[in-house]
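[1] sequence unknown, structure follows:
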Ligand SMILES: Nc1ncnc2c1ncn2[C@@H]1O[C@H](COP(=O)(O)OP(=O)(O)OP(=O)(O)O)[C@@H](O)[C@H]1O
């Protein structure tokens, strides 16, 4: 069990590639922290620096308040689980799990007790005599986890451990790893490019881009209150819709003008936009599919929160239906009730829940008006 502190970390590879820029982060004891971001954003480099597998260009790393910059990987009391499970093919499951303990000359009885305990937790008891080639992908990944667990490390580091598994198994293993975290009560740092994994597993999420932290928060807050357009677009499925709009004032009320149509902005948020100098300026509106609607009664109740478009495509997902509607040359996705059936190509009205809309600065992408935004 341990907390981890990363202070002003930089990693500059030869040829001046800055993979991680001034990264500071405190990871609490027993936390499940997920580093998420697109390929190349520096998450693996960060994890490898914590493990001691990658030299730090500058900055400090503390594990349990001990500076570990110059501490060798095997002395850091951490275990790392990689994307490719890297099991020894000629060894049985038992020997794969026991390998590290044997190296450390732990007594045989103790090794047996520890391996059996880990096998029980990971439901590997019946597979201990098998070789890796006789295992499914999910079972191999469980053995890899077992090998890490048996050492009882202070911190688990995981780098895309599920990306070699098929979709169904990935979902199952996601739940298993989350349960494991609960049972082991140990600090987990988990790297993924998959926002669903981040949202479903992390107690806190760090969203990264180009070596820089964009936002650190719990999953719900990241989803509800993204600090910028990048985070808003990266987290959530389907992706947040974005539309260009001009902020105008008419008869004392503030509107977002999209092409030739107007959306009424709430008083508090209109005032905030005005205070911040956005009157007469273009912004980017952001709204999620579940905050758009196509229902007649709601549309009638909020006539100033509607844009018209053309239905391009309907996607049935069983429990919900998504309509892809072209509004002002932009395709937006709207979550509608399954019973709402409209033919492709028809004109449709899309209602906007204006208390859920985001306003992003067009240049910087920063989320600008949050006053009166309801989660
Ligand atoms: N050994 C290296 N030498 C030079 N540049 C490197 C090296 N390793 C990584 N990089 C660069 O550093 C940046 C960050 O890489 P890193 O692997 O940390 O990203 P990532 O977010 O984990 O991406 P992915 O999901 O694709 O693994 C990238 O631009 C990458 O090309």
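    Alright, I've got the coordinates. Please read all numbers here as calculations on a predicted model, not as lab measurements.
[2] interface residues of the stretch 101-250 of the chain facing the ligand?
    residue 193 (Cβ under 6 Å from any ligand atom). In short, each C-beta sits where N, CA and C put it, glycine included.
[3] Can you name the residue of the stretch 101-250 of the chain nearest the ligand?
    residue 193 (4.8 Å; Cβ to the nearest ligand atom).
[4] can you tell me how far residue 272 sits from the ligand?
    34 Å (Cβ to the nearest ligand atom, to the nearest Å).
[5] now residue 284
    Distance from residue 284 to the ligand, by Cβ to the nearest ligand atom: 25 Å.
[6] Now that residue: which helix or strand?
    strand 282-287 (DSSP states H and E).
[7] which helices and strands does that strand pack with?
    On a contact count with 3 or more Cβ pairs under 8 Å, 6 or more residues apart in numbering; DSSP states H and E, strand 282-287 meets helix 229-234, strand 241-250, strand 253-258, strand 358-361.
[8] can you rerun that using 7 Å?
    helix 229-234, strand 241-250, strand 358-361 (3 or more Cβ pairs under 7 Å, 6 or more residues apart in numbering; DSSP states H and E).
[9] Distance from the chain centre to the shortest one, please.
    This means strand 358-361. 21 Å (Cα atoms, centre = their mean, to the nearest Å).
[10] tally of neighbours for residue 44?
    Neighbour count of residue 44, defined by other Cβ atoms under 10 Å: 20.
[11] Pairing partners for the strand holding residue 284, with directions?
    Strand 282-287 sits in its sheet next to strand 241-250 (antiparallel), strand 358-361 (antiparallel), going by DSSP bridges.
[12] check contacts around the residue lying closest to residue 21 once chain neighbours are set aside.
    Nearest residue to residue 21, sequence neighbours excluded (Cβ to Cβ, 6 or more residues apart in numbering): residue 211, at 4.3 Å. Applying Cβ atoms under 7 Å, 6 or more residues apart in numbering to residue 211 gives the contacts 18, 19, 20, 21, 41, 42.
[13] what does residue 88 give?
    Shown in contact with residue 88 (Cβ under 7 Å, 6+ apart): 96, 99.
[14] what about it, helix or strand, and which?
    Judged by DSSP H and E, residue 88 forms part of no helix or strand.
[15] How much space separates it from residue 350?
    In this view, residue 88 and residue 350 are 57 Å apart by Cβ to Cβ, to the nearest Å.
[16] Can you give the contact residues for the longest helix along the chain?
    Taking DSSP state H as the criterion, the chain has its longest helix at helix 167-184. With Cβ under 7 Å, 6+ apart as the contact definition, helix 167-184 has outside contacts at 32, 121, 137, 138, 141, 145, 162, 165, 188, 197, 200, 201.
[17] Can you name every helix or strand that the next helix or strand after that helix contacts?
    Per DSSP H and E, the first helix or strand lying C-terminal to helix 167-184 is strand 187-192. Contact here means 3+ Cβ pairs under 7 Å, 6+ apart; on that basis strand 187-192 packs against strand 32-36, helix 43-51, strand 155-159.
[18] Pipe these into CSV and attach distance to residue 207 and mean pLDDT per row.
    Shown next, in CSV, are the helices and strands packed on strand 187-192 (distance: least, Cβ to Cβ, whole Å; pLDDT from 0 to 100):
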stretch, distance to residue 207, mean pLDDT
strand 32-36, 6, 97
helix 43-51, 10, 95
strand 155-159, 17, 93
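[19] quick revisit: using CSV, lay out the helices and strands packed on strand 282-287 together with mean neighbour count.
    Shown next, in CSV, are those (neighbours: other Cβ atoms under 10 Å):
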stretch, mean neighbour count
helix 229-234, 22
strand 241-250, 18
strand 358-361, 22
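[20] Compute the distance between the residue of the chain most remote from its centre and residue 303, please.
    Farthest-out residue of the chain from its mean C-alpha position, per Cα atoms, centre = their mean: residue 251, at 42.5 Å. Applying Cβ to Cβ, the value for residue 251 to residue 303 is 16 Å.
[21] just residue 180 next, same as before
    From residue 180 to residue 303 the distance is 52 Å (Cβ to Cβ).
[22] and residue 309, what are its bridge partners?
    residue 348.
[23] which residues does it contact?
    Residue 309 touches 325, 326, 327, 348, 350, counting by Cβ under 7 Å, 6+ apart.
[24] Swap in 8 Å and give it another go.
    In this structure, residue 309 makes contact with 325, 326, 327, 328, 332, 347, 348, 350, judged by Cβ atoms under 8 Å, 6 or more residues apart in numbering.
[25] hang on, residue 162 packs against residue 196?
    No: contact criterion Cβ atoms under 8 Å: residue 162 and residue 196 do not qualify, at 10.7 Å.
[26] Of those two, which one has the most company?
    residue 162 (25 against 15).
[27] And the more buried one, how far from residue 269?
    Separation of residue 162 from residue 269 (Cβ to Cβ) stands at 39 Å.
[28] what's the lowest-pLDDT member of the contacts of helix 167-184?
    Lowest pLDDT within the contacts of helix 167-184 is found at residue 165 (77).
[29] what number of residues lie near it?
    Residues lying near residue 165 (other Cβ under 10 Å) number 19.
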